[in-house]
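Student: would you be able to build a 3D model of this:
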Amino acid sequence: MNPAKRIKRVPLSFEQLPNELLVDILGYLTSVDAVYAFCQLNHRFQCLLLSYVKDFDFQSTNKSKFDYVTRHHDIHSWRSLRLSNDELTPCQIQYFCQRYSQLQHLSQLQTLSLLNIDLKLNKEMFSQLASLDQLVSLTIGTVCGRDMPLLQLPSLRRLTVIGCNDMSWLSNFGLLEKLKYTTKHLCSHETKSMELTTLTELYLEYTENDNESAIRESLEHLSQLTKLSLYRHGIYRILPDGGIWEHLIKSFLPLLDTFQFCFSFQSYTNSPNVFNNIIASFSTAFYLVEKRWFSRCDFDNRYGCKGAMYSLPFAFTKMPINCNSFEQSLSTLIADDADEREYNSYRKVKTLLFNEKCLIPTQGYESSNITRLVLQTAPPTSWYHLFTNLRDVTFHRNLYMSSQDFENFLQVATKIQSLRLSIYTLVILTDKFTNVPICNLLSERIRSLTITRYRSSDVLPGITSIRHLTHVVRIFNRSCRHLSLGIRAQPSTVAPILRRMRKLHSLHIHYFPWDSASNKTAEYLLTKPPTTVHDCDFVHATTDDDFYIWFGNADY
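Tutor: The predicted structure follows:
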């Protein structure tokens, strides 16, 4: 007899699996997807969800799913919560606050992330943060230090903030251990130092306009630091000096064992030894022998001196390309071949900032990790093999790329979904919207489109004429789920055009207080959004210059 015939196959339904196995299965799903898939199946699954699913990340979750999960799960049992006013979920934080106006419902939270929050629209929520006395980790942004309420969070140990130069309010968190702070120019407040004597890890990202001496003054009070990460971007006119940091560390940071940095710089000095002097300041016995902290300087000396000085291995997710060739880069690395491979690593890089047309990429990048490009200049084709996993591309002003080069780029970057560029750049890249292959590729792939200002380096919505808006809608209506742009036109003209964007999950319109037509457009969309775009429920928010809608009944 065939042995196979003696095997008795007993059918086993999914519901007959033991709880331990079901809990393992739930671990492979996000909490949002687990509740959306298994809630209300039966009492057993409901109990499992309430007992084991406690960490909720709503970033990029559509409104229908958000409503379902918050309605059917017990918010009092949540341990972790992430909300975000990002492109696909504008107004999410405001909407959550409307549904749960009192944060006492979340008093058990240990981790809370409020991304892209607007302090002006959520002052009441900030004032209620003090009730979260079990909170261990908090992420907030974007905030102004002068407007922050006095908070006492006795359990807080980890804090991530995007805020202005006034960091003095952070001194209220007397037991904080880890801080990640990114400065953003929200106001005219001067840099103010912080005193956090318990801090052991600090990540600080700042720009050329920030007062670096005030930052170093803050560091003098952080004697318990074991890890320091500094990322300075922008066109900084003071050259990096390793001697300054060596003195600071020796004098005030005795426990520091990890020093990671990336200093972008630009100067118009013509001294031939400027780069040698920079690298020499990071080549002392303190750096190379005592600490074994190695570094590298990429530079471009065609127009004065421009470059980036950074520690090895590269420790940040954003990599500035400030040189036209890596072949002339200088390094302090003195190691054998094995150590050289370890230190010359760029595997953490997810975003490439193309500030100069660098001909050949350096070794050490991993294409699977690079998901975003920010382009001040077009990348050479020698870089294209790194773009196979690219998701997001931003074109800044003064960038030129021919339509043929752009088509070649799109043929390689097959996973691109998000595009930020001015309408003038889009006109050039698409041959005035007549290049059929390019238009078809954009129509198939782009899920998020932001039309930016042409004469601004910031990614802010730019004005789009009705003629151009008609072309944009024709090309992007097939797949686009987020649209951000500025409009100056009468609502009776705009509404019929936008009605074709039936896949939208979110809409951001920048309008101009001095322009009555754009104000009326926002008001009209506010009163009739379901019929303006498509029949759905929605939430909205309005600031001084911007109007947002988050649509429901949209499937991912």
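
Student: and residue 475, what pLDDT?
Tutor: At residue 475, the model reports a pLDDT of 97.

Student: tell me how far it lies from residue 14.
Tutor: Using Cβ to Cβ, to the nearest Å, one gets 44 Å for the distance from residue 475 to residue 14. Glycine gets a C-beta too; all of them are placed from N, C-alpha and C.

Student: of those two, which one has the most company?
Tutor: residue 475 (20 against 10; other Cβ atoms under 10 Å).

Student: settle this for me: the more buried one is touching residue 442, isn't it.
Tutor: Yes - assessed by Cβ atoms under 8 Å, residue 475 is found in contact with residue 442 at 5.7 Å.

Student: off-centre distance for stretch 505-512?
Tutor: 20 Å (Cα atoms, centre = their mean, to the nearest Å).

Student: stretch 414-422 too?
Tutor: With Cα atoms, centre = their mean, you get 15 Å for stretch 414-422.

Student: check contacts around residue 344.
Tutor: Shown in contact with residue 344 (Cβ atoms under 8 Å, 6 or more residues apart in numbering): 312-313, 333, 362-364.

Student: make CSV out of these and add distance to residue 38, pLDDT and neighbour count.
Tutor: Shown next, in CSV, are these (distance: Cβ to Cβ, whole Å; pLDDT from 0 to 100; neighbours: other Cβ atoms under 10 Å):
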residue, distance to residue 38, pLDDT, neighbour count
312, 47, 95, 22
313, 42, 94, 17
333, 52, 88, 14
362, 47, 89, 18
363, 46, 86, 10
364, 43, 86, 15
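
Student: need those in CSV with distance to residue 90 and secondary structure, can you?
Tutor: Shown next, in CSV, are the contacts of residue 344 (distance: Cβ to Cβ, whole Å; DSSP: H, G, I helix; E, B strand; the rest coil):
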residue, distance to residue 90, secondary structure
312, 40, strand
313, 37, coil
333, 46, coil
362, 38, coil
363, 41, coil
364, 37, coil
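
Student: from these, pick the one nearest residue 378.
Tutor: Nearest to residue 378 among those is residue 362, at 18.7 Å by Cβ to Cβ.

Student: from memory the closest one sits against residue 346, does it?
Tutor: Yes - under the contact definition of Cβ under 8 Å, residue 362 touches residue 346, with a separation of 7.2 Å.

Student: tell me the secondary structure for residue 71?
Tutor: Following DSSP: H, G, I helix; E, B strand; the rest coil, we place residue 71 in the helix state.

Student: count the residues that sit near it.
Tutor: 11.

Student: going forward, count from 330.
Tutor: OK, 330 is where the count begins now, so the last one is residue 400.

Student: pull up the gap between it and residue 390, please.
Tutor: From residue 400 to residue 390 the distance is 13 Å (Cβ to Cβ).

Student: residue 554 now?
Tutor: With Cβ to Cβ as the criterion, residue 554 and residue 390 are 37 Å apart.

Student: mind listing what residue 409 touches?
Tutor: Here residue 409 is in contact with 383-386, 438-441 (Cβ under 8 Å, 6+ apart).

Student: narrow those to just the buried residues.
Tutor: Buried residues within those, counting neighbours by 16 or more other Cβ atoms under 10 Å: 383, 385, 438-441.

Student: secondary structure element holding residue 879?
Tutor: strand 875-880 (DSSP states H and E).

Student: what's the answer for residue 390, then?
Tutor: Counting by DSSP H and E, residue 390 is part of no helix or strand.

Student: the nearest residue to it once chain neighbours are set aside sits in which helix or strand?
Tutor: Closest residue to residue 390 apart from its sequence neighbours, by Cβ to Cβ, 6 or more residues apart in numbering: residue 361 at 5.6 Å. Following DSSP H and E, one finds residue 361 within helix 360-367.

Student: list the buried residues of the very next helix or strand once past that helix.
Tutor: Where DSSP H and E defines the elements, the next helix or strand beyond helix 360-367 is helix 372-381. Using 16+ other Cβ under 10 Å as the test for burial, helix 372-381 gives 374-375, 377-378.

Student: relative to helix 360-367, how tilted is helix 372-381?
Tutor: 170 degrees (axes from the mean of the first three to the mean of the last three Cα atoms, to 10 degrees).
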